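Chemist: one predicted model, sequence on top.
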Amino acid sequence: MRVAIVINTSWNIWNFRRSLVKALQAAGHEVLAIAPPDAYSERLETELGCRFVPILMENKGTNPVKDAALTRRFYQIYRRERPDVVLQYTIKPNIYGTIAARMAGIPSVNNVSGLGTVFIVKNMVSKVALGLYRFAFRFPKRVFFQNDDDRQLFLQNGLVDPHITDLLPGSGVDIHRFRPDPAYQRQEPFVFLMIARVLYEKGVEEYFEAARLVREAVPGTRVQLLGGVDESGGVGVKRSVFEQWLQADNVEYLGTSDDVAAQIRRADCVVLPSYREGTPKTLLEAAAMGKPIVTTNVPGCRETVVDGQNGLLCEVRNAQDLAEKMLRIVRLSTPELEQMGRAGRRLAETKFDEQLVLTKYLNVVRDVTTQPTTRR
């Protein structure tokens, strides 16, 4: 079978769907990677062995003329490449790719990996997006959600038939690659790490303010940020603003890295004060590596923490509460931190092992490709 994985960046496929590509290939399927070209596109071919098919896509735009053209581009690619099934992620492939797949007579499987700004900010754009979801989601064979809050939101708004929905534990985590160190070691001074793009909706502004409060209370504490600056679409922090924040010298900016595991290994606690997520892979990786977590009590994030056991939950958009929870972690004894880490590792093994995700995908690919489909 020819299986297409369709996402809004090649980077996304490389970082979050690499194991799925390998699992599909091991099951005998040919894999196409369909995404806008970037620095990771060539690696999909040379290192993963899947054929890369480029598509022009503006990730943040809402121009209806451009979006109609995007649907046509999806349709042309699907007709030319003739995959047996398309696995689609992120908003535009989920909407316009699904419409195109329907037109081409190709079964589609969608993954709602987070609702993003469209559902966080209530405005005309979000109303249009709801209508587009309602139309497009008449057609997929299956729609996976990464937490039940997101699924219930879609059901309550009548956006999808409940019979085609299913839940996944995020994109899962490779519990063999992400493992705790053989012997627990606390860093001196203590190190917090946030891994996210520099977007307001990730809670980065609150993180900078919390860093100031934490370092005032416990001088010398290191507070780090790993992730790219993204000014596109008006949702990212402007570089000039970000650089001004950095001048306060409370947060160490680490840029980007292909070796996230190494960065997590050097931290004592991983923090994500996001406004809403699907299920954040970085928190799953932190749990698998035995690191305590501080994150917001919002859909997607709260699924990764049993409050008080493997981490702490804080209020969303509340830098003061975030700082208080970070300080509670700093003041834990080394044995208490180690115990939190062990609890996180158990959670990763029992609830978030990526094998659970891969099995569901292999089963759905088998099921939808054995059902009769009318191609146009």
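Modeler: Everything's here; your move.
Chemist: would you map out the domains in this protein?
Modeler: 2-172+354-369, 191-351 (automatic domain parsing).
Chemist: out of those, which comes closest to residue 181?
Modeler: Distances from residue 181 to each of those were compared using Cβ to Cβ; the minimum, 6.7 Å, belongs to domain 191-351. All C-beta atoms are positioned from the backbone trio N, CA, C, and that covers glycine.
Chemist: quick check: the residue nearest the centre of the chain vs residue 271, distance?
Modeler: With the centre of the chain defined as its mean C-alpha position, the nearest residue by Cα atoms, centre = their mean is residue 280, 5.0 Å away. Here the distance between residue 280 and residue 271 works out to 11 Å (Cβ to Cβ, to the nearest Å).
Chemist: joint contacts of these two?
Modeler: Residues touching both residue 280 and residue 271 comprise residue 295, with contact defined as Cβ atoms under 8 Å, 6 or more residues apart in numbering.
Chemist: quick revisit: Throw the domains of the chain into CSV and include distance to residue 181 and mean pLDDT, thanks.
Modeler: What follows is the domains of the chain, written out as CSV (distance: least, Cβ to Cβ, whole Å; pLDDT from 0 to 100):
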stretch, distance to residue 181, mean pLDDT
domain 2-172+354-369, 21, 92
domain 191-351, 7, 96
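Chemist: reformat those as a markdown table; add distance to residue 179.
Modeler: A markdown table is the format used below for the domains of the chain (distance: least, Cβ to Cβ, whole Å):
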| stretch | distance to residue 179 |
| --- | --- |
| domain 2-172+354-369 | 14 |
| domain 191-351 | 7 |
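Chemist: residue 178: which of those domains is closest?
Modeler: Ranking the domains of the chain by distance to residue 178, with Cβ to Cβ as the measure, places domain 191-351 first at 3.9 Å.
Chemist: quick check: residue 300 vs residue 169, distance?
Modeler: In this structure, residue 300 and residue 169 are separated by 11 Å, where distance is defined by Cβ to Cβ.
Chemist: more neighbours: those two, which one.
Modeler: When neighbours are counted by other Cβ atoms under 10 Å, residue 300 comes out ahead of the other of residue 300 and residue 169, with 26 against 21.
Chemist: just to revisit the earlier point, so which of the domains of the chain is nearest residue 180?
Modeler: Residue 180 lies closest to domain 191-351 among these, at 3.3 Å (Cβ to Cβ).
Chemist: do you have the strands of the stretch 151-300 of the chain handy? List them.
Modeler: 165-167, 191-195, 222-226, 252-253, 269-272, 293-296 (DSSP state E, counting those that start in this stretch).
Chemist: for the fifth one, which strands pair with it and how are they oriented?
Modeler: Using DSSP bridges, the neighbouring strands of strand 269-272 in the sheet come out as strand 191-195 (parallel), strand 293-296 (parallel).
Chemist: pull out the buried positions in it.
Modeler: If you call a residue buried by 16 or more other Cβ atoms under 10 Å, then strand 269-272 has these buried ones: 269-272.
Chemist: CA atoms of the host helix or strand of residue 13 as PDB?
Modeler: Assignment of secondary structure by DSSP states H and E places residue 13 within helix 10-16. What follows is helix 10-16, C-alpha atoms only, in PDB (Å, rounded to 0.1, in the frame of the first residue of the first chain):
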ATOM      1  CA  SER A  10       8.800  18.600   6.900                       C
ATOM      2  CA  TRP A  11      10.300  19.400  10.300                       C
ATOM      3  CA  ASN A  12       7.000  18.200  11.900                       C
ATOM      4  CA  ILE A  13       7.200  14.800  10.100                       C
ATOM      5  CA  TRP A  14      10.900  14.400  11.000                       C
ATOM      6  CA  ASN A  15      10.400  15.300  14.700                       C
ATOM      7  CA  PHE A  16       7.000  13.800  15.500                       C
END
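Chemist: show residues contacting it.
Modeler: 5, 7, 21, 33, 35-41, 43-44, 48, 52, 89-90, 171, 281.
Chemist: next secondary structure after that helix?
Modeler: Following the chain from helix 10-16 toward its C-terminal end, the next helix or strand by DSSP H and E is helix 18-26.
Chemist: just checking, residue 29 touches residue 366?
Modeler: No - assessed by Cβ atoms under 8 Å, residue 29 is found out of contact with residue 366, at 9.7 Å.
Chemist: who's more crowded, the two?
Modeler: When neighbours are counted by other Cβ under 10 Å, residue 29 and residue 366 differ, and residue 29 comes out ahead with 21 against 13.
Chemist: since that was my last question, I'll sign off now.
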